[in-house]
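# any chance you could fold what I've pasted below:
(one chain, ligands or ions: 1)
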Amino acid sequence: MTAGRCNRLKTSASVPDAALGRRVRVKICGITDTPTALAAVEAGADALGFVFATSRRQVTPEVARGIIQHLPPFVARVGVFVNTPPAEVADIAAYCGLTAIQLSGDDEINNNFSKSPYHNLPVIQTLRVGGGRGLPRWPRCNADAYLFDTYKEGIYGGTGEAFDWGILQNIDCPKPVILAGGLNAANVRAAVKLVKPYAVDVSGGVETGGHKDIDKIKEFIVQAKGVLI
Ligand SMILES: O=C(O)c1ccccc1N[C@@H]1O[C@H](COP(=O)(O)O)[C@@H](O)[C@H]1O
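As a prediction, the model looks like this:
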């Protein structure tokens with residue numbers, strides 16, 4: 001895959017994806033119970049996120065495993081970690097049946113990790129931008145995808161705040177781009193059209209009163225996937 005172009009994944013060598021069009025993938029993050037997980041999948045979520053870091057959305061490995069056991073096979077199970085030792089991440093991943101690891105801690109500063117401690121699961125590296133912080137220099141590209149979230153001092157994610165997506169327009173990212181930070185049903189369509197990311201990721205934008213709201217999840221997915229990119 002050509003470096004810098006893979007946020008627009010090719011479907012075949014002869015048919016340009018621009019001609020064919022594709023729908024963005026959607027990850028619903030901060031899942032804490034089985035009914036919500038199944039409703040999100042039914043609504044069309046491609047991935048569910050389980051936060052193992054300190055957060056009001058934090059789940060124990062036991063709870064995550066219990067939810068994951070009920071999921072159908074073609075849904076990604078992503079564990080979200082903040083500055084957790086790799087061996088601990090690997091243990092939780094194996095126990096829960098995670099299919100991808102999201103590193104949302106300070107790892108972006110020194111992105112020279114090896115994937116082997118994570119049992120070679122796909123690794124999504126969070127990069128926090130905005131608030132005066134521009135795009136980082138591409139580190140050593142060990143990650144399988146980059147998730148762009150809003151920078152807020154002392155907060156590693158789930159801020160509910162958006163950054164200027166224009167910074168990602170025509171980005172020369174060597175891996176698939178995942179857009180996050182303050183997305184909701186009202187703004188995700190514009191964000192997808194502008195950035196044309198591989199996937200979008202949402203947490204606070206599909207909640208009411210601090211809990212996941214099934215109607216908001218459905219509307220978010222309809223809006224996100226309603227545009228061909
Ligand atoms: O959701 C959390 O509580 C969280 C805690 C620590 C690290 C990451 C977290 N979530 C990630 O935050 C972004 C955006 O969230 P929001 O839509 O702005 O509320 C998303 O990538 C989650 O994976």
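# ok, residue 165 - contacts?
By C-beta atoms under 8 Å, 6 or more residues apart in numbering, residue 165 lies in contact with 179, 191, 194-195. Any C-beta I mention is one placed from the backbone N, CA and C, and that applies to glycine too.
# and if you look at residue 148?
126-129, 163, 168, 177-181.
# save the residues you listed as TSV, and put in neighbour count, secondary structure and distance to residue 27 too.
Below are the contacts of residue 148 laid out as TSV (neighbours: other C-beta atoms under 10 Å; DSSP: H, G, I helix; E, B strand; the rest coil; distance: C-beta to C-beta, whole Å):
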residue	neighbour count	secondary structure	distance to residue 27
126	24	strand	12
127	22	strand	16
128	24	strand	17
129	19	strand	18
163	22	coil	18
168	21	helix	17
177	21	strand	13
178	26	strand	7
179	27	strand	10
180	29	coil	8
181	29	coil	13
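# near the ligand too, which of those residues?
180-181 (C-beta under 6 Å from any ligand atom).
# residues contacting residue 162?
150, 181-183, 187, 191.
# run through the bridge partners of the spatially most central residue of the chain.
Nearest to the mean C-alpha position of the chain, by C-alpha atoms, centre = their mean, lies residue 201 at 4.4 Å. Counting by DSSP bridges, residue 201 is bridged to residue 27.
# is it true that it touches residue 177?
No - Residue 201 is beyond contact range of residue 177, at 10.8 Å (criterion: C-beta atoms under 8 Å).
# which helix or strand contains residue 192?
Using DSSP states H and E, residue 192 sits in helix 188-195.
# for residue 62, give me the backbone phi and psi.
Here the main-chain torsion angles of residue 62 (degrees, to the nearest 10) amount to phi -60, psi -40.
# and the one 5 residues further on, by the same measure?
With angles defined as degrees, to the nearest 10, residue 67 sits at phi -70, psi -50.
# equivalent analysis for the one 3 residues further on, please.
The phi and psi torsions at residue 70 (degrees, to the nearest 10) take the values phi -90, psi 0.
# separation between it and residue 115?
For residue 70, the distance to residue 115 equals 28 Å [C-beta to C-beta, to the nearest Å].
# how about residue 171?
23 Å.
# what's near enough to touch the residue of the chain found nearest the ligand?
Residue nearest to the ligand within the chain (C-beta to the nearest ligand atom): residue 157, separated by 2.1 Å. Going by C-beta under 8 Å, 6+ apart, residue 157 touches 51, 53, 55, 80, 82, 104, 126, 149, 180, 203.
# quick one: which of the residues you listed has the most company?
Most neighbours among these, by other C-beta atoms under 10 Å: residue 80, with 32 neighbours.
# what's the neighbour count on residue 134?
Residue 134: 8 neighbours (other C-beta under 10 Å).
# which non-adjacent residue is nearest it?
Nearest non-adjacent residue to residue 134, counting by C-beta to C-beta, 6 or more residues apart in numbering: residue 167, 6.9 Å away.
# burial count for the one you found?
Neighbour tally, residue 167, other C-beta under 10 Å: 14.
# so it belongs to a strand, correct?
No - the assignment for residue 167, made by DSSP: H, G, I helix; E, B strand; the rest coil, is helix rather than a strand.
# what's the pLDDT at it?
What the model reports as pLDDT for residue 167 is 90.
# same question for residue 158.
Residue 158 is given a pLDDT of 88.
# doesn't residue 58 make contact with it?
No - using C-beta under 8 Å, residue 158 makes no contact with residue 58, being 10.3 Å away.
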